[in-house]
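Asks: Return a 3D structure for these sequence lines:
(chains A and B)
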Amino acid sequence: MNKGLWALSAAILLSNVALAQEGTVTVVTSFSKDVTDPIKAAFEAAHPGTTLEVQNKSTSSGVVYLEETRGNNQTDLFWASAPDAFVTLKDQGLLSTFKPTVEGIPETVGSYQVNDRDGYFFGFAASGYGMMWNERYLEANGIEAPAEWNDLAEAQYHDHVVIAAPSRSGTTHLTVETILQGEGWEEGWKLLKLIGGNFQQVTDRSFGVPEAVNSGQAGVGIVIDFFGFAARASGFPVDFAYPSVTTVVPANIGIVANAPNQAGAEAFVNFLLSEDGQLVLFDPAIQRLPINPAVYDRAPEGLPNPFKDPQFASMITFDGNVSSQRSAVVDSLFDQTVTFQLDNLSAAVAAIQAAQAAAEGKDMPEAKAMIEEAIGLVAGVPITEQDAVSAEILGAFEGGDTATARQSQLEQEWAAFAQKNYAEAKQKAEAALALLG
Amino acid sequence: MAEVSLPQAKAGRQVPGLVLLMLGIAAFLAIFLLIPAGTVIVVAFTEKGSGAFTLVNFLDFFSNDLFKRSLVNSLYVSAMSVVWASAFALPLAIITTRFEFRGAVLIQTLGFLPLIMPPFVGAVAMQLLFGRNGTFNLLLEQNFGFRLPFMEGLNGVIFVQSLHYFPFILINVSNSLRQIDSSMEEAAQNMGASGFTLLRKIVFPLAMPGYLAGAALVFVKVFDDLATPLLLNVKDMLAPQAYLRVTSIGLADPMGYVIATILIAVSIFAMWGSVAIMKGRDYATVQRGGGGLARRKLKRGEAILAYGVVVLVLLLVLSPHIGLLLLSFATIWSFSPLPDGYTLAHYSRVMAESSIYIRNTLVYASTAGLIDVVIGGGIAYLVLRTKLFGRQWLDWAASAALAVPGVVLGIGYLRTFYNVSLPDGTPLATLPVMVVLALAIRRLPYALRAVFAAMQQISVSLEEAAENLGANKSRTVRRIVLPLMLGGLLAGFVTSFATAAVELSATLMLIQSSNEAPIAYGLYMFMQSPAGRGPGAALGVIAVLLVAVCTFVSHLVIERSQKSPGLKK
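Replies: Okay, the predicted model is just below:
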């Protein structure tokens, strides 16, 4: 394709739209001012006379806001990271379809569909999940930088790792799903629990994680890539790496149903996907991976290209349907067995790690068997993969006719299960340690 | 509580006006608090899925270990916070009101600042100072090889909460102490009391209404606060549990609202308890205008001790603000006792937009404070000076606002007012006045308690005297009650104003455009990205300064009004 000609025609097209459409475009977004300000400035420069009105809300309150205001909608666009928020909005009929005029956007990024199949929302940037760490913190504590998820389960990371609760952060939820799908249900939970035993905090918002790592309160954070890249670009002593089992997913934008300024909303989507709009994503404070491959030749150093770099080719396939079907159950399992049991889990895992260190190099099968038993107790999940999508449990969560129990009762069962297992695991590990002397 | 002994005939004549006042306040509370919050909280009593009425959700609450543990933790933390907040507040209050002390007004203002902790940045500043790798712990570790868990677990919550909310006690006790007439003290001295006996027999009992008002506020506020536990990652307390459930599991889940209902019930019970303690006791004094307690001169040694205590307490309670100030000038501050370097860039970044935020904040918060003083004064008058049926309910309904999570109120407002359109089609909920009303409702309990305490100290005999001399009710209120309550009214206004100025949770739902945004909202927009931390802190400092200046001016006014010998006219 002749890029110059294409850009020219796009520019003419856009300027026509700009002439036709003046006024205010209202967007509800979870993105920070550092992200929205440069894009707003570029958009308004390309469309003189149009004002982009940014309403900043967290993703979940943005969804609630659109639900509560649908009777008299004043919002044109919804713009956020987590794809599941868009699925929720689409299911509720709160989005409208549109076909962007920008060409050259690939069908998939990694193994994830870029745009909604039915045209309700569009990826504008790609994001992968990984680990960021504070270099001063690691140095002071004599810890190595992690490379894989498994590394985080090592004893050296005990009490140094921070994560956002998956029930509170759409991006972390996807990370947890990625691990569960990549490793399998049983093995995935085992890994999550063993890493969980090393958590220092489970924060209640996504940004709490980079904040804790940036300020040096925690050593390693499990985050979405741009938090790491943007912190590094802003001068914090931090770095970021993707593990080999991860996935890239698009961050999205969609036009709200019955938008008061439909034409303006369409113009903004087209601008955001155009090269001019995509180049703004390279801003040091934004640092997101553009979805339009045409701009990667102008990417700043250190930013990967998800369409070319081999590390992304090996990333696992992510099944969005499985994820969204069991999302509430997975979140609740995590909260009841990790977040709200963190002290117990941490104590059990610490005891296991101490016993493992003592067993190192010794030939004492009895003690080693006890340690394995303790690990098995920690890893235990109260329900199977089939249970997680069973009508009974989904019914308890949604309040359907198939419910045999209420959500709160299930949560109590799961929490009691975890508490008992962790206490037993701690005893077993301590007994093993005593045996090892 | 003071007993009303108006002759029946006279009372009867006043009733229509008072009934109107009561109906007006009841309607205000119903429309802007009970109905919006009710539209959301009703979920607590419904069955998930079918929507049928049920109480089974409450049964679930009490059979869930996590919720039970949360309830116990919340009660424990609230009670301990009252103890520690008293330990911070009482020395400051007594030293600044009972002794000739230079800079008393300044200290009163500074002691008030902890209430004004801007969301998010305040938390970051606290972590950078007291966190496990904060300034203090890094220095301790380097020099002595150990750390102190200031910010960990329930004790961390108690530490931060008592620093944060002790001004409630300070402001109310100081105001009570100023109202005590020196003749009471002199009478006691004439009868041979001095020193500790004087303090115990005269000063403490007479300061009781203010102390109880402040302590009840601290208890309820800590019980209902979710920001601090979440900042410290303590999740097994009630308010965070309610918040986490409502905002992550969804609006249809009943348990979040069950917890909210329990929060409201405990809060009202605590408020009722603080009033019940006062029942049957009369703390009103007839004498006015003596200029408060006689201020004693401090001896040299005492002065050094007093200044030492004051400086120490102030340094401790203001440390988050010192951290905030450092953060606003810092280039990078990460895992080090102090920032790597200093810059003015953050201030220049926020300068351009901050003027509009400042204007909005001033307009919203002062209007909200004014509404609170008027409504709070009305409720206090009805409760303390009339025997109208149901007057107590107004007090309880208004106090319940403390326990309604901001996000619930925000959603309630959208639900109740969004589909009501103005003639030109704009939804009612999008008007800035809705933000003001939400702020006023959220902060009404603060003003109410301050005004209430002030009115308890005025003897009804002063009003009766005025009425016997032929003044009618409104004239009595205007010429006697209002002037005597000026300090309490201002205290109420300042508390509402200052805390409304940094409120975010309800605002976040209701703000429609950045032109209408207050400072707290601007702060939120910055604080979602690494590069926004500095500018966010700069905005936070601007917010604190703004409120501090307003508070300082009000304290000067209070101080002046107390100094004027007797009432003019």
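Asks: May I see the buried residues of stretch A:186-201?
Replies: For stretch A:186-201, the neighbour count (16 or more other Cβ atoms under 10 Å in any protein chain shown) marks A:188-201 as buried. C-beta coordinates here come from the backbone N, C-alpha and C atoms, glycine included.
Asks: Name the SS class of the residue in the stretch 1-150 of chain B positioned nearest to chain A, please.
Replies: In the stretch 1-150 of chain B, no residue comes nearer to chain A than B:G49, which is 2.5 Å away by Cβ to the nearest Cβ. Put simply, B:G49 is coil when judged by DSSP: H, G, I helix; E, B strand; the rest coil.
Asks: Break chain A down into its domains, please.
Replies: As given by automatic domain parsing, the domain ranges for chain A are A:3-127+A:249-313, A:128-246+A:321-436.
Asks: which one of these has the lowest average pLDDT?
Replies: Among the domains of chain A, domain A:3-127+A:249-313 carries the lowest mean pLDDT, at a mean of 85.
Asks: Tell me which of the domains of chain A is the most buried.
Replies: The highest average neighbour count among these, using mean count of other Cβ atoms under 10 Å in any protein chain shown, belongs to domain A:128-246+A:321-436 at a mean of 21.
Asks: burial of the spatially closest residue to A:S408 that is not a sequence neighbour, as a residue count?
Replies: Excluding the flanking residues, the one nearest A:S408 by Cβ to Cβ, 6 or more residues apart in numbering or on different chains is B:D60, at 3.9 Å. As a burial measure, B:D60 scores 20 neighbours (other Cβ atoms under 10 Å in any protein chain shown).
Asks: Packing partners of the longest helix belonging to chain A?
Replies: Counting residues, the longest helix in chain A under DSSP state H turns out to be helix A:407-436. Here helix A:407-436 touches helix A:327-337, helix A:342-359, helix A:365-379, helix A:391-398, helix B:56-62, helix B:65-98, going by 3 or more Cβ pairs under 8 Å, 6 or more residues apart in numbering or on different chains; DSSP states H and E.
Asks: got the ones you listed as TSV, with distance to A:T246 columns?
Replies: What follows is these, written out as TSV (distance: least, Cβ to Cβ, whole Å):
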stretch	distance to A:T246
helix A:327-337	17
helix A:342-359	23
helix A:365-379	22
helix A:391-398	28
helix B:56-62	38
helix B:65-98	32
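Asks: And those: which comes nearest A:H47?
Replies: helix A:327-337 (37.2 Å; Cβ to Cβ).
Asks: can you state the direction angle for that closest one and helix B:65-98?
Replies: For helix A:327-337 against helix B:65-98, the angle by axes from the mean of the first three to the mean of the last three Cα atoms, to 10 degrees is 60 degrees.
Asks: who does helix A:327-337 touch, helix- and strand-wise?
Replies: Judged by 3+ Cβ pairs under 8 Å, 6+ apart, helix A:327-337 is in contact with helix A:170-183, helix A:185-196, helix A:385-388, helix A:391-398, helix A:407-436.
Asks: please redo it, this time with the cut-off set to 10 Å
Replies: The contact analysis (3 or more Cβ pairs under 10 Å, 6 or more residues apart in numbering or on different chains; DSSP states H and E) places helix A:327-337 against helix A:83-91, helix A:170-183, helix A:185-196, helix A:385-388, helix A:391-398, helix A:407-436.
Asks: what about the longest one, distance to the chain center?
Replies: Relative to the chain's own centre, helix A:407-436 is displaced by 29 Å; criterion: Cα atoms, centre = their mean, to the nearest Å.
Asks: the inter-axis angle of the longest helix of chain A versus helix B:65-98?
Replies: 90 degrees.
Asks: before we move on, back to that, just to check, the residue of the stretch 1-150 of chain B closest to chain A is in contact with B:D253?
Replies: No. B:G49 is not in contact with B:D253 according to Cβ atoms under 10 Å; the separation is 11.1 Å.
Asks: one step back: looking at the buried residues of stretch A:186-201, which is nearest B:L316?
Replies: A:Q201 (24.8 Å).
Asks: so A:T101, which of the three states?
Replies: Three-state call for A:T101 (three-state DSSP): coil.
Asks: can you give me phi and psi for it?
Replies: Backbone torsions of A:T101, given as degrees, to the nearest 10, read phi -90, psi -10.
Asks: name the element the nearest residue to it once chain neighbours are set aside belongs to?
Replies: Distances taken as Cβ to Cβ, 6+ apart place A:N270 nearest to A:T101, at 5.5 Å, with adjacent residues excluded. Using DSSP states H and E, the element containing A:N270 is helix A:262-273.
Asks: residues in contact with the residue nearest the centre of chain A?
Replies: Nearest to the mean C-alpha position of chain A, counting by Cα atoms, centre = their mean, stands A:T171 at 1.5 Å. Taking Cβ atoms under 10 Å, 6 or more residues apart in numbering or on different chains as the criterion, A:T171 is in contact with A:59, A:81-83, A:127, A:129, A:164, A:206, A:209, A:222-227, A:249, A:251.
Asks: For the residue nearest the centre of chain B, give its distance to chain A.
Replies: Computing the C-alpha centroid of chain B and ranking residues by Cα atoms, centre = their mean puts B:Y446 first, at 4.5 Å. Distance, B:Y446 to chain A, using Cβ to the nearest Cβ, to the nearest Å: 25 Å.
Asks: Does that residue touch B:F168 like I think?
Replies: Yes. Contact between B:Y446 and B:F168 holds when scored by Cβ under 10 Å: they sit 7.6 Å apart.
Asks: Identify the contacts common to these two.
Replies: Shared contacts of B:Y446 and B:F168, counting by Cβ under 10 Å, 6+ apart, come down to B:115, B:213, B:217, B:221, B:495, B:499.
Asks: quick revisit: let me know the helix or strand that the closest residue to the residue nearest to the centre of chain B other than its chain neighbours is in.
Replies: Spatial nearest neighbour of B:Y446, chain neighbours left out: B:T495 (4.3 Å); criterion: Cβ to Cβ, 6+ apart. Here B:T495 sits within helix B:482-500, counting by DSSP H and E.
Asks: So what's the gap between that helix and the chain middle?
Replies: With Cα atoms, centre = their mean, you get 11 Å for helix B:482-500.
Asks: Identify each buried residue in it, please.
Replies: By 16+ other Cβ under 10 Å, the buried positions in helix B:482-500 come out as B:484-485, B:487-500.
Asks: From chain A, how far off is B:V407?
Replies: For B:V407 relative to chain A (Cβ to the nearest Cβ), the value is 7 Å.
Asks: That residue against B:V40, yeah?
Replies: Yes. Using Cβ under 10 Å, B:V407 is in contact with B:V40, at 9.3 Å.
Asks: what is in contact with these two at once?
Replies: Counting by Cβ under 10 Å, 6+ apart, the contacts common to B:V407 and B:V40 are B:V246.
Asks: Spatially, what comes nearest to the closest residue to chain A within the stretch 251-400 of chain B if we skip its sequence neighbours?
Replies: Residue of the stretch 251-400 of chain B nearest chain A, by Cβ to the nearest Cβ: B:F335 (2.8 Å). Distance criterion Cβ to Cβ, 6+ apart; nearest residue to B:F335, sequence neighbours excluded, is A:G216 at 2.8 Å.
Asks: residue contacts, the one you found?
Replies: Contact analysis of A:G216 by Cβ under 10 Å, 6+ apart lists A:134-137, A:140, A:236-238, B:127-128, B:131-134, B:138, B:333-336.
Asks: That's all I had, so thanks and see you.
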